[in-house]
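**Student:** let's see this in three dimensions:
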Amino acid sequence: MAVYHPLRSASVRVTVVVLCLLVVNGFAIRLPPAAARPLSGQAWLALGGSLSPTGTGLLAGGVCVTRYVRRAVSRVEDERASVEAERDAFREFADAVGSIDADGRAPTGRPAATLVSPEVRDAPTETVRDAYRRTVMDTPDYERAYGESIGENMTAELGPEVAGAVLRGERFGPQLKRALHDRAAVAATQRRAFLNALDGERDSLSEARRRIESTAVPFDDAPETDLSGQSFGTLVGYDRQLRRSETRCRELLEDRQREIHRADGWLPGADGGAGSLQEYLYRQLDATFPALRAAAERIERLRDRRRAVVRAVVRAE
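**Tutor:** Coordinates of the predicted model:
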């Protein structure tokens, strides 16, 4: 235990702790020769950066950085409601298609398995179009999200061949009926998978918010002058809490980045490539990656607060 003997002197102990705080906060401070000599024999200890003589950069609003996460959760909830309505609409459309009688007649010169026929036109396809308008195109967010004509949307959702057969009024035979039902079921299944992804994103955001809020510390929003009146032991303990909170934020950053990379690339892009779920969801918000932004800002604010603690300790000296 001899190594701890020099710290039994109160003045030396305070100086050592101050220096440790300065190191972790990236400061350089000029110490009086009498204070510096017992530690290094030099009057200058270059520790990187400079110590501002005034208190600046304090935390503002505590954990208000979670506003990014709150807005993101709200955005996910809105998207979820829209996608859920689309899923239900495609299910309803599939049921409507199933209730329409199919004409088993083969068109002239074509086998019964042919999907389309320009020679034979039949009324049931008009019933299919009406059902599509009544279900898929009647969801609350259709105009905002798509704003497409029935032809454009049917082609995108059901495929050009199936959509073309319905739009041109081709014979509604068993093959076309089955194809329509299957494509509608696939569209509903895609929405269900997207809902699962949205649920995972919502849960991840909620966990990120909880973890950021758990980094709250005493004096989170207090002015720097309040720190100056605290005892040396209180300030050192406060710095310890700040460091623990910063570590938790860094761990959150790493965890969230791994989650994003796991989910990245599954969302089909408009150009046929892969997109990012976060970029799709939050493209109109002030942070494309809200949990990362919140954690990063919280880290910066915690570091600002630690610098304020160092200034308070130095003034106490």
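**Student:** what's the average pLDDT for the helix or strand hosting T125?
**Tutor:** Assignment of secondary structure by DSSP states H and E places T125 within helix 124-134. Across helix 124-134, pLDDT averages out at 95.
**Student:** helix or strand next in line after that helix, which one?
**Tutor:** helix 142-145.
**Student:** contacts for that following helix next, please.
**Tutor:** S82, V136 (C-beta atoms under 8 Å, 6 or more residues apart in numbering). Where you see a C-beta, it was placed from the backbone N, CA and C, and this is true even at glycine.
**Student:** how much space separates E207 from L281?
**Tutor:** 17 Å (C-beta to C-beta, to the nearest Å).
**Student:** with V236 instead?
**Tutor:** 43 Å.
**Student:** picking up where we left off before, what's the helix holding T125 packed up against?
**Tutor:** Helix 124-134 sits against helix 67-99, helix 150-158, helix 160-167, with contacts defined as 3 or more C-beta pairs under 8 Å, 6 or more residues apart in numbering; DSSP states H and E.
**Student:** closest to L252 out of the ones you listed?
**Tutor:** helix 67-99 (10.8 Å; C-beta to C-beta).
**Student:** and that closest one, what's buried?
**Tutor:** 67-69, 71-73, 75-76, 79-80, 82-87, 89-94, 96-97 (16 or more other C-beta atoms under 10 Å).
**Student:** tilt between it and helix 124-134?
**Tutor:** 160 degrees (axes from the mean of the first three to the mean of the last three C-alpha atoms, to 10 degrees).
**Student:** and helix 67-99, what does it pack onto?
**Tutor:** Helix 67-99 packs on helix 124-134, helix 174-213, helix 277-282, helix 290-316, going by 3+ C-beta pairs under 8 Å, 6+ apart.
**Student:** so, low pLDDT: which residues of the stretch 1-150 of the chain?
**Tutor:** By pLDDT under 70, the weakly predicted segments of the stretch 1-150 of the chain are 1-63, 104-122.
**Student:** coming back round to it: neighbour count winner among V236 and L281?
**Tutor:** L281 (20 against 17; other C-beta atoms under 10 Å).
**Student:** just checking, the more buried one touches V76?
**Tutor:** Yes: between L281 and V76 there is a contact at 6.4 Å, judged by C-beta atoms under 8 Å.
**Student:** so for L227, which of the helices and strands packed on helix 124-134 sits nearest?
**Tutor:** Nearest to L227 among the helices and strands packed on helix 124-134 is helix 67-99; the distance by C-beta to C-beta comes to 25.5 Å.
**Student:** for stretch 254-264, give the mean pLDDT please.
**Tutor:** On average, stretch 254-264 scores 83.
**Student:** please shift the residue numbers so they start at 279 in all later answers.
**Tutor:** Shifting the count to begin at 279 puts that one at stretch 532-542.
**Student:** in the helix holding T403, what's buried?
**Tutor:** In terms of neighbour count (16+ other C-beta under 10 Å), helix 402-412 has its buried residues at P402, T403, T405, V406, R407, A409, Y410.
**Student:** could you find the closest non-adjacent residue to the fourth one?
**Tutor:** This means V406. V444 (5.1 Å; C-beta to C-beta, 6 or more residues apart in numbering).
**Student:** mind putting the helices and strands packed on helix 402-412 in a markdown table, distance to P452 included?
**Tutor:** Output for the helices and strands packed on helix 402-412, formatted as a markdown table (distance: least, C-beta to C-beta, whole Å):
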| stretch | distance to P452 |
| --- | --- |
| helix 345-377 | 12 |
| helix 428-436 | 17 |
| helix 438-445 | 13 |
